[in-house]
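# no sequence on hand, only this structure:
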């Protein structure tokens, strides 16, 4: 038997409630399910027969007077499979097993009818064996026949024995009365069966209807179907076109009349249907089942069942559209974008990837992407990749890969896990960049640093080899493209290497003064450079400054980093600064590209996240409407996670704007006390901690209210995350020396003293075990510090491990 498309679970479940006695068989004559009425008539449990061969579940009774009923039924089924047409049988005796008395059978007479149901390809999907139980009628006929024999004997006895006339007459009368009672009882049974049939349809939770006659008159329409059609019960008794006039011209009309005239059952999956509801035409998707209704061998009507699958189909369409948008964005991107499935195989590469590799996706799958990875990198990235895949965690890999020119290039590949609407892991979305030049520079810098360390060690441990060490140091400078400078703080004269002079466009020979050096510095950095020199000259502070210059000869804008230390002379005075300078223009450009990339990706992610939020809210409302508490709970969690992702993306966008100088301060006068109360009340409602705000009355300041609110939100969120349930969080706002000082104290895990100076650094995360289970990227406090500093304020923290922390920030009061 060839492969066939089995009916869906919903279809089988719907058929089980249908008001008829029938089996649903596969083309291999395996029982797929049976109606509730048949289970009741045969006193059989459905679980004992589903999945069995029909004649194993219902064997022939070997002791029947006329055995061989299974052969007749088998012949009829084979005729249906061969011709693909319905086949009706004459009445046969086929006893059913007596489950209460194993080994025994219950006599039954049936009038079987076998009807094939086809799939979309025109092949038989399953066969419905409709069995009309005519046992009572057959038994009644036998009783009547026996009754006629008794009457004949009575007449003969009457003729022979006139003396027994009265007795025979009385027996005949009693028999007639009994026969009339049997007819009455059978009529009541038929009426009960008809009522049961109607009730099964009327009260079914599945939309069901029964059409009668060639004009498709509504005979039975249950409440679910009326709701589905958007109609009232007054359509019962009307024809299809009278009750639902908007259906005229739709394909389903031909289907209904075709079933009535041909007897071929039909299933439609995800069928699009347009119906009028409350005066509006609505489109929906439904799984629909239609099959003919027989009375004897004649088709008298059509049974229709409809299951609403609109939410599922709408969600599928939305996912497909989202996938198309992603593919469209990926194809237009210059970034290497790919997707990986749960089988660890690449299932999509954008055009940039294909061009980079010089191969098609099929060729890559055939060769194996591992063969393009440098052998020295393969083992480690395989371990890291498999670990991330096993845990469904993000990953970031750096390795060498053969490009289209068969050259190894350094690649940085980042993977973000993908999840479907049910939070099932579906693989990764990956983005990659070629950072070969950056990697080479990092390696060169690493080598330079090693050379510098070696040179410094030689200077410290072998003064007698000073000349030789200086030569090695100069060699290291030349190899690293570094310039050197010795500035006499007492005279202002500078001894500058040739490379240093070339970097700034200074004369390659002759004396150089500090003023000549600063002439190349861009105006916006001049104050910072001079301040570094003042701090070095007055307080001996080390120099570490990065700033832009304008080359004095070419006018080209370049970025320089200068690091140096101050020497103290024998008189205890700060006499010289020894510094090196390096051209970091490429690194700054890479950093700018990185910031631009983060801003672009964050911006692009906001649109699909907004869509996901919308879809989640729609599905959540649908689940609530259906009273599906489990789905509502899962969707609420999904909505919460999407909000967290949005917050993270906004953080990255703010960092990008901040570092690009695009973040603006919207200064306005507002009441700081009122802002703190609003935020404290919101967190007090949502968190499990006790938040105490010690108000100090109205406190007016001039600042960006939204950004100050962001800072307070971040500090309060951190206090809650790192504190236990039921602990106290104390918020204060006071005035000290014409400054407003805000503080928030918690009873959390606390911070080590060595971590306190780094808390406000970008991407810094405390590595203590107590904080390992708290999520974050180390950008909240960095942003907060930048916002406060741009308002002319200060931010700091005090903490003790195991006791808690207090974070402060101060702002100048408005005039």
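Good, I have the coordinates. Just so it is clear, the structure is predicted and the values come from calculations on it, not from any experiment.

# could you use CA atoms for every contact and neighbour count after this?
OK.

# which parts of the chain belong to which domain?
Domain segmentation of the chain under automatic domain parsing yields 9-133, 140-199, 204-308, 315-425, 589-660, 667-812.

# closest to residue 501 out of the ones you listed?
With CA to CA, the closest approach to residue 501 among those belongs to domain 589-660: 22.7 Å.

# how deep is residue 674 tucked in, by neighbour count?
15 (other CA atoms under 10 Å).

# er, residue 511 actually
Using other CA under 10 Å, residue 511 has 11 other residues around it.

# of the domains of the chain, which is nearest residue 452?
Between residue 452 and those, the shortest gap by CA to CA is with domain 589-660, which sits at 24.6 Å.

# could you give the mean pLDDT of that closest one?
The average of the pLDDT scores along domain 589-660 is 72.

# picking up where we left off before, if I average pLDDT within each of the domains of the chain, which one is lowest?
The minimum mean pLDDT among the domains of the chain belongs to domain 140-199 (a mean of 54).

# who are the contact partners of residue 731?
Counting by CA atoms under 8 Å, 6 or more residues apart in numbering, residue 731 touches 691-694, 742-745.

# buried ones among those residues?
For the contacts of residue 731, a burial check counting by 16 or more other CA atoms under 10 Å picks out 691-693, 742-745.

# show me which pair in the residues you listed is furthest apart.
691 and 742 (14.8 Å).

# tell me, what residue is most central in the protein?
Centroid-nearest residue in the chain, with CA atoms, centre = their mean: residue 420, separated by 3.2 Å.

# for residue 758, give me its contacts.
Applying CA under 8 Å, 6+ apart, the residues near residue 758 are residue 764.

# quick check: phi and psi at it.
As for residue 758, its main-chain torsions (degrees, to the nearest 10) stand at phi -100, psi 0.

# mind checking how far it is from residue 573?
Going from residue 758 to residue 573 by CA to CA, to the nearest Å gives 31 Å.

# same question for residue 370.
62 Å.

# what's the answer for residue 22, then?
Distance of residue 22 to residue 573, given as CA to CA: 107 Å.

# so these two - more neighbours on which side?
A direct count of neighbours by other CA under 10 Å for residue 22 and residue 573 places residue 22 higher, at 24 against 16.

# the more buried one against residue 39, yeah?
No: assessed by CA atoms under 8 Å, residue 22 is found out of contact with residue 39, at 9.1 Å.

# just to revisit the earlier point, how close does the residue nearest to the centre of the chain sit to residue 806?
Residue 420 sits 41 Å away from residue 806, going by CA to CA.

# same thing with residue 787?
19 Å.

# please name the nearest non-neighbouring residue to residue 242.
For residue 242, ignoring the flanking residues on the chain, the nearest one in space by CA to CA, 6 or more residues apart in numbering is residue 235 at 7.8 Å.

# to clarify, my last question referred to residue 407.
Here the residue nearest residue 407, using CA to CA, 6+ apart, is residue 401, at 7.7 Å.

# bridged to that neighbour, which residues?
Beta-bridge pairing for residue 401 (DSSP bridges): residue 373, residue 409.

# what does residue 566 give?
Beta-bridge pairing of residue 566, defined through DSSP bridges, involves residue 577.

# adjacent strands (with direction) for the lengthiest strand in the chain?
The longest strand of the chain (DSSP state E) is strand 280-295. Using DSSP bridges, strand 280-295 pairs in its sheet with strand 265-277 (antiparallel), strand 298-308 (antiparallel).

# residue 585: which of these is closest?
Nearest to residue 585, of all these, is strand 265-277, at 59.5 Å by CA to CA.

# where's the closest one relative to the chain centroid, distance-wise?
Counting by CA atoms, centre = their mean, to the nearest Å, strand 265-277 is centred 29 Å from the centre of its parent chain.

# 42 is where my numbering starts, stick with that
Sounds good: first residue 42 from here, last item strand 306-318.

# give me the buried positions along it.
306-308, 310-312, 316-317.

# swap in stretch 837-849?
838, 840, 845-849.

# check stretch 246-266 too.
By neighbour count with 16+ other CA under 10 Å, stretch 246-266 contains the buried residues 247-253, 257-266.

# ok, stretch 789-807 next?
For stretch 789-807, burial by neighbour count (16+ other CA under 10 Å) applies to 789-792, 800-803, 805-806.

# what do you get for stretch 543-552?
Neighbour-count burial for stretch 543-552, counted by 16+ other CA under 10 Å, picks out 544-547.

# turn those residues into TSV, including secondary structure.
Formatted as TSV, the buried residues of stretch 543-552 follow (DSSP: H, G, I helix; E, B strand; the rest coil):
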residue	secondary structure
544	helix
545	helix
546	coil
547	coil
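
# so can I have a markdown table of the buried residues of stretch 837-849 showing secondary structure?
Converted to a markdown table, these look like this (three-state DSSP):
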| residue | secondary structure |
| --- | --- |
| 838 | strand |
| 840 | strand |
| 845 | strand |
| 846 | strand |
| 847 | strand |
| 848 | strand |
| 849 | strand |
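
# report the two of the residues you listed separated the most.
Between all members of the buried residues of stretch 837-849, the farthest pair (by CA to CA) comes out as 845 and 849, at 13.7 Å.

# any chance you could map the helices in the stretch 542-691 of the chain?
Applying DSSP state H, counting those that start in this stretch to the stretch 542-691 of the chain gives helices spanning 555-559, 564-580, 626-666, 670-701.

# quick one: the longest strand of the chain to chain centroid distance?
Centroid separation between strand 321-336 and its chain, computed with CA atoms, centre = their mean, is 32 Å.

# buried set for it?
Buried positions in strand 321-336, judged by neighbour count with 16+ other CA under 10 Å: 325-334.

# same question for stretch 761-781.
Residues of stretch 761-781 classed as buried by neighbour count (16+ other CA under 10 Å): 761-764, 769-775, 780-781.

# ok, so of those residues, who is nearest residue 472?
residue 762 (31.3 Å).

# helices along the stretch 192-341 of the chain, start to end?
For the stretch 192-341 of the chain, the helices defined by DSSP H, counting those that start in this stretch occupy 206-243, 264-270, 281-284, 292-303.

# quick one: secondary structure of residue 54?
What three-state DSSP gives for residue 54 is helix.

# make that residue 784, sorry
Three-state assignment for residue 784 (three-state DSSP): strand.

# all good on my end, thank you.
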